[in-house]
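Q: after the sequence you'll find the predicted model.
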Amino acid sequence: MITSVVGTGPLRPCAPGPQRFLARRHPVMLLSLTLLIAGIALIATGAAVDGMRYLMSIGVLLLIVDLLYLATRSIWRSTHRPAR
């Protein structure tokens with residue numbers, strides 16, 4: 001039996017709340033955030049270093065892919081929600 005920190009009794013499972021929501025959505029948001037950071041880093045590197053314009057192009061393409069991914073996912077989810 002798992003007890004609480006102060007030892008007042010057993011721990012009860014929490015009601016579904018923000019923790020379950022974030023845990024369920026975490027991998028998708030992690031991918032989106034990674035694409036966003038990588039795109040910004042490549043754009044900054046390509047703009048700062050002479051002769052690295054292709055990095056800036058790749059960064060812009062990553063940002064476009066990220067936005068298209070989020071838009072597609074949003075449209076996909078809105079069409080597959082059950083009616084209430």
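A: Structure received.

Q: isn't Leu36 up against Asp66?
A: Yes. Using Cβ atoms under 8 Å, Leu36 makes contact with Asp66 at a distance of 5.6 Å. All C-beta spots, glycine's among them, are computed from the backbone N, C-alpha and C.

Q: more neighbours: which of those two?
A: Just comparing Leu36 and Asp66: by other Cβ atoms under 10 Å the higher neighbour count belongs to Asp66, 19 against 15.

Q: quick one: low-confidence residue ranges for the protein.
A: Residues of the chain meeting the criterion pLDDT under 70: 1-26, 80-84.

Q: in the longest helix along it, what's buried?
A: For the chain, the helix with the greatest residue count under DSSP state H is helix 18-48. Buried residues in helix 18-48, counted by 16 or more other Cβ atoms under 10 Å: 35, 39, 42-43, 46.

Q: now the helix or strand just after that helix: buried residues?
A: Remark: after helix 18-48, the chain's next helix or strand is helix 53-79, criterion DSSP states H and E. Neighbour-count burial for helix 53-79 flags 55-56, 58-59, 62-63, 66, 70 (criterion: 16+ other Cβ under 10 Å).
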